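Chemist: just the structure for this:
(chains A, B, C and D)
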There are 2 protein chains.
Amino acid sequence: MSTEARLELGPSSLTDALYESIRKRIVNGEIPQGEKLTEVRLATEYDVARPTAKAALERLTALGLLRRTAHKTAVVPVLDEAEIRDLFFSRMTIEKAAVSALAATGQVPADAARAQVAIEYAARDRLFENQVEADIAFHTALVAAVGSRRLTRMHELIIGEVHLTMGQYQAHRKAAPTTVAEEHAAILEAIQQGAQSAAADHLAYHLEQAQGRLLSTLSGH
Amino acid sequence: MSTEARLELGPSSLTDALYESIRKRIVNGEIPQGEKLTEVRLATEYDVARPTAKAALERLTALGLLRRTAHKTAVVPVLDEAEIRDLFFSRMTIEKAAVSALAATGQVPADAARAQVAIEYAARDRLFENQVEADIAFHTALVAAVGSRRLTRMHELIIGEVHLTMGQYQAHRKAAPTTVAEEHAAILEAIQQGAQSAAADHLAYHLEQAQGRLLSTLSGH
DNA sequence: GTCCTAAGATTGTTAGACAAGAATGCACGA
DNA sequence: TCGTGCATTCTTGTCTAACAATCTTAGGAC
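Modeler: Next up, the predicted model:
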């Protein structure tokens, strides 16, 4: 880790920028699982005050990207099999409701279609990191398109952990280049046809496959 | 609002105690909808530092019990009809998954059964505030009994707004003393019988009724 | 009456400090 | 040599004080 990091001040708040910077470094694996992040260390690296670093850590903790208890240092969590299963059970609950609601309208979200194209490009060019990003964007777009602010917020609460897990194991997971895109296409097709239960079934299958892929890389530890 | 409030220092953290105190005052209607809460005002009333008040406000904002944008004062939100519908749609998604999972085991959660008894007592004695508390406890117990940490956290993210809305309209809602208990009993019975779809249906009916009761008091504004 | 400016209020961020809890290592004894 | 206990050190929780940036409001000019 470099001793100094630069923050893009696009977001209005300094805390926002710091939060976003650390978030990216965690989900793409730059900060590995088990790594400890102290407040003073972050404050020093980014040249911000400790309360600012503290606020960013608290927001990351709320999203499951860090864990910490009182008076103890925040650490990037290591998800075991039970937790990955819990994560995907919760994720399934939200996303099933989302695709079912979308199928009821028959409208395929434009953002999801765009993300789908990005996945195909990334798979073709073997850009694994882009593939993960586009996959997350695809699922996020599905949920956001429902238009429910609270469903979206609940999804945000867990998708970060999904992103983290995929990003951390990214190097080991060189398999399945195009299958993800095919499974996504089946979901979108069912949505367009207005088939609610079919859309939910395709999504369930896709998430089960994704969970299986993660768990298999986990066992290869 | 009194100029001084006392904090019970049960929780280890001062921020926790402050958060919990303000939370209670919001959900039981002591702090009404639309009320503005500034950091310095809370800090003065509770005799804590402004950063402590700030942290408590941020946590309440994350749970939807307050709303605020950058550089603006936090305010207790007023939920309109569209937002109440969104709230119940999101709530339905989580709780349906919960009772379905519980029915798969056939085990009625002990905490839910206890809350059910508390509701019956409160309904008999016309203690509306206790009735609201016990109702929230009932639904929270159902979700918690699934044993999914993330499902529980997502539920926490929205149940606060449910509590807020029920608590704020509590004075106006003197109807339906025992119907709530009956609807709850139907859910528990289906869970015990292991009837997944029936449990989900009973829950859906119950939440639709609850939403209707809230919306009717809302229109009587 | 309307628009603009300026003062006040509120939040965002920083610095420094002290206390309390947790973790670490070292010395001492078995 | 190994394990236990204590003290040091690290880290976080909270506070005070202050300044900057932004939002709001009130007053004045036209």
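
Chemist: what's the local residue count around residue A:30?
Modeler: Neighbours of residue A:30 under the rule other C-beta atoms under 10 Å in any protein chain shown: 12. Yep, even glycine has a C-beta here, placed from its N, CA and C like the rest.

Chemist: what does the pLDDT read for the spatially most central residue of chain A?
Modeler: Residue closest to the mean C-alpha point of chain A, counted by C-alpha atoms, centre = their mean, is residue A:163 at 2.7 Å. Note for residue A:163: predicted pLDDT of 95.

Chemist: then residue A:173?
Modeler: On pLDDT, residue A:173 comes in at 59.

Chemist: now residue A:43
Modeler: On the pLDDT scale, residue A:43 is placed at 90.

Chemist: which residues touch it?
Modeler: With contact set as C-beta atoms under 8 Å, 6 or more residues apart in numbering or on different chains, residue A:43 has these partners: A:49, A:50, A:52, A:53.

Chemist: next, check the residues you listed against the helices and list the overlap.
Modeler: Under the assignment DSSP state H, the contacts of residue A:43 contribute A:50, A:52, A:53 to helices.

Chemist: reformat these as a markdown table; add distance to residue B:98 and neighbour count.
Modeler: Listed next are those as a markdown table, based on distance: C-beta to C-beta, whole Å; neighbours: other C-beta atoms under 10 Å in any protein chain shown:
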| residue | distance to residue B:98 | neighbour count |
| --- | --- | --- |
| A:50 | 40 | 13 |
| A:52 | 38 | 19 |
| A:53 | 36 | 25 |
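
Chemist: which residue is the nearest non-sequential neighbour of residue A:112?
Modeler: Distances taken as C-beta to C-beta, 6 or more residues apart in numbering or on different chains put residue A:141 closest to residue A:112, at 4.0 Å, once the chain neighbours are dropped.

Chemist: that neighbour: how many residues sit nearby?
Modeler: For residue A:141, the count of nearby residues is 18 (other C-beta under 10 Å).

Chemist: from residue A:166, how far off is it?
Modeler: 17 Å (C-beta to C-beta, to the nearest Å).

Chemist: same question for residue A:69.
Modeler: Going from residue A:69 to residue A:166 by C-beta to C-beta gives 26 Å.

Chemist: now swap in residue A:77 and tell me
Modeler: Residue A:77 sits 14 Å away from residue A:166, going by C-beta to C-beta.

Chemist: swap in residue A:38?
Modeler: 26 Å.

Chemist: ok, residue A:24 next?
Modeler: Residue A:24 sits 14 Å away from residue A:166, going by C-beta to C-beta.

Chemist: could you check which of residue A:69 and residue A:166 has the larger neighbour count?
Modeler: Counted by other C-beta under 10 Å, residue A:69 and residue A:166 do not tie: residue A:166 has more neighbours, with 24 against 8.

Chemist: and for residue A:214, the neighbour number?
Modeler: Using other C-beta under 10 Å, residue A:214 has 21 neighbouring residues.

Chemist: so who does it touch?
Modeler: Residue A:214 makes contacts with A:84, A:165, A:166, A:169, A:173, as judged by C-beta under 8 Å, 6+ apart.

Chemist: again, but for residue A:186
Modeler: Residues near residue A:186 by C-beta under 8 Å, 6+ apart: A:202, A:206.

Chemist: isn't there a helix covering it?
Modeler: Yes: counting by DSSP: H, G, I helix; E, B strand; the rest coil, residue A:186 is part of a helix.

Chemist: from residue A:206, how far off is it?
Modeler: Residue A:186 is 8 Å from residue A:206, by C-beta to C-beta.

Chemist: do the same with residue A:37
Modeler: Going from residue A:37 to residue A:206 by C-beta to C-beta gives 33 Å.

Chemist: I'd say the residue nearest to the centre of chain A and residue A:63 touch.
Modeler: No: with contact defined as C-beta atoms under 8 Å, residue A:163 does not count as touching residue A:63 (9.8 Å).

Chemist: any regions of chain A where pLDDT drops low?
Modeler: Along chain A, the parts satisfying pLDDT under 70 run over A:1-12, A:170-177, A:220-221.

Chemist: what residues does it put near DNA strand C?
Modeler: When proximity is defined as C-beta under 7 Å from any atom of the strand, chain A approaches DNA strand C at A:13-16, A:48-52, A:55, A:70-72.

Chemist: change it to 6 Å
Modeler: Residues of chain A found near DNA strand C (C-beta under 6 Å from any atom of the strand) are A:13, A:14, A:15, A:48, A:49, A:51, A:52, A:71, A:72.

Chemist: please give me every residue in contact with the third one.
Modeler: Which is residue A:15. Going by C-beta under 8 Å, 6+ apart, residue A:15 touches A:52, A:55, A:56, A:59.

Chemist: one more time with 7 Å, if that's ok
Modeler: Applying C-beta atoms under 7 Å, 6 or more residues apart in numbering or on different chains, we find residue A:15 in contact with A:52, A:55, A:56.
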